[in-house]
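Trainee: My questions are about this predicted structure, shown below with the sequence.
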Amino acid sequence: MELLIQPLNRMLHVSPGANLLDVLRENQVPISYSCMAGRCGTCRCRIVEGEVLESGQEELRPLSGQAQYVFACQTWLTESCVIEIPEPDEIIVHPARILKASVIAVESLAPDIRRLRLKPGKPLQYSPGQYANLQFAAGMVRPYSMAGTCEDDELEFHVRIVPGGRAGNHIAAGLRPGDAVRVSGPLGSAYLRCRHEGPMLCVAGGTGLAPVLSIVRGALAAGMRNPIHLYLGVRSSRDLYGMQWLAPLQRDHGNLHVQIVANDSKGISEARRGLVTEAIAEDWRDLTGWRAYLCGSPPMVEATSLLVRQRGIRLEHVHADAFYAAST
């Protein structure tokens, strides 16, 4: 049985029933991976031809027909096939770890947003844009994106407090400096692609600013000169935060351009009124050759993803994280 790997045009001889990620690692084929359990999405690749078995939460199911994406760690080979691995020159391997951390501070960024700062017992290696699972107590585990870079001495997270949200309200009212938090990660495939030299479109809604801020900080720290166009979407002045970091970055780096877009722009002198999709559509007719990093509510991420693909960004160059509010 044969496995053809694109774009490397490399042929491998494999045994039926072999796990795809195991085959790639054993043959030194470059692919990103992290959790090894199908949760983080880092090892996503595309089945171009052939049939495989993908392990879902319920059962193994055959995948056939037009090309589709699978997680290599949860995919088993059943016949000769062709796969496409994403960006072999942008591979990252940060094996997921469990670290102990202690609370440094919980700070208010907006009426319903808190900045959680943790001191990890050991450094956590991650790429800008990734996230981790934080456990505060038994049964209280939530995913939050890092807002800094792994060169920092601490971990920074932005947390939205929602009515009835157990973890958010615990962070806002229950956590104290010195309290222990278990950190599991890194996870996520919407990380910064450092080798890309074209324009970058970063779109953040709400606490989606955390991973976007991490991506921007990482790109600028790495000396990337790409034009970076960041659109920050908020509902009103009440929800706006982050300019205390973005304004100095924009002042010091001429390739960073920040646009605030608000449903209600009253009280935000520099804001444009409307939706981020409307602002992007007004500003850019052709986004061919760009990369997009989208983080925020599922409706915003889905609408923006559709728009940027219509304007020329390839699907595999849209790196997105949708934030789902946890009410329990």
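Mentor: Perfect, I can see it now. Residues are numbered from 1 along each chain as shown.
Trainee: ranges for the strands of the stretch 151-300 of the chain?
Mentor: Applying DSSP state E, counting those that start in this stretch to the stretch 151-300 of the chain gives strands spanning 155-160, 180-187, 200-205, 228-234, 256-262, 272-273, 291-296.
Trainee: Tell me which of the ones you listed approaches Q68 most closely.
Mentor: Closest approach to Q68 among the strands of the stretch 151-300 of the chain (Cβ to Cβ): strand 291-296, 20.9 Å. For every residue, glycine as well, the C-beta is placed using N, CA and C.
Trainee: ok, L294 - contacts?
Mentor: Residues near L294 by Cβ atoms under 8 Å, 6 or more residues apart in numbering: A190, V203, G208, M300, V301, T304, S305, V308, V318, H319, A320, D321.
Trainee: wouldn't the second one be in contact with P211 here?
Mentor: To tie it back to what came earlier, the one meant is V203. No. In this structure, V203 is not within contact of P211 by Cβ atoms under 8 Å, at 11.1 Å.
Trainee: joint contacts of those two?
Mentor: Both V203 and P211 are in contact with Y293, C295, where contact means Cβ under 8 Å, 6+ apart.
Trainee: residues in contact with the host helix or strand of F136?
Mentor: Counting by DSSP states H and E, the element that carries F136 is strand 131-137. With contact meaning Cβ under 8 Å, 6+ apart, strand 131-137 is reached by 116, 124, 126, 141-146, 155, 157, 167, 170-171, 174-175, 181-188, 211, 321.
Trainee: following it, which helix or strand shows up next?
Mentor: Assigned by DSSP H and E, the successor of strand 131-137 is strand 140-145.
Trainee: Pull the residues that contact that next one.
Mentor: Contacts of strand 140-145 (Cβ under 8 Å, 6+ apart): 116, 129-135, 157-159, 166-168, 170, 187-188, 207-208, 210-211, 214, 295, 321, 326.
Trainee: go on, stretch 76-91?
Mentor: Contacts with stretch 76-91, where a contact means Cβ under 8 Å, 6+ apart, come from 1-8, 14, 16-20, 23-24, 29-32, 44-55, 60, 62, 67, 193-196, 316.
Trainee: Run a quick neighbour tally on M146.
Mentor: Counted by other Cβ atoms under 10 Å, the residues lying close to M146 total 28.
Trainee: tell me the contacts of it?
Mentor: Shown in contact with M146 (Cβ under 8 Å, 6+ apart): Y126, P128, Q130, Y131, A132, L155, E156, F157, P186, A210, P211, S214.
Trainee: What separation is there between the first one and Q135?
Mentor: The reference is to Y126. Note on Y126: its distance to Q135, by Cβ to Cβ, to the nearest Å, is 17 Å.
Trainee: So those two - more neighbours on which side?
Mentor: The neighbour comparison of Y126 against Q135 (other Cβ under 10 Å) goes to Y126, with 27 against 16.
Trainee: Confirm that that one lies within a helix, as I assumed.
Mentor: No. If the criterion is DSSP: H, G, I helix; E, B strand; the rest coil, then Y126 is coil and not within a helix.
Trainee: Contacts only, for it.
Mentor: By Cβ under 8 Å, 6+ apart, Y126 lies in contact with H94, A132, M146, C150, G185, P186, Y191.
Trainee: Go again with 6 Å.
Mentor: H94, C150, P186 (Cβ atoms under 6 Å, 6 or more residues apart in numbering).
Trainee: ok so, going back, as JSON lines, the strands of the stretch 151-300 of the chain with distance to D283 and mean pLDDT would be great.
Mentor: Listed next are the strands of the stretch 151-300 of the chain as JSON lines, based on distance: least, Cβ to Cβ, whole Å; pLDDT from 0 to 100:
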{"stretch": "strand 155-160", "distance to D283": "26", "mean pLDDT": "96"}
{"stretch": "strand 180-187", "distance to D283": "32", "mean pLDDT": "92"}
{"stretch": "strand 200-205", "distance to D283": "10", "mean pLDDT": "96"}
{"stretch": "strand 228-234", "distance to D283": "8", "mean pLDDT": "96"}
{"stretch": "strand 256-262", "distance to D283": "8", "mean pLDDT": "95"}
{"stretch": "strand 272-273", "distance to D283": "10", "mean pLDDT": "92"}
{"stretch": "strand 291-296", "distance to D283": "13", "mean pLDDT": "94"}
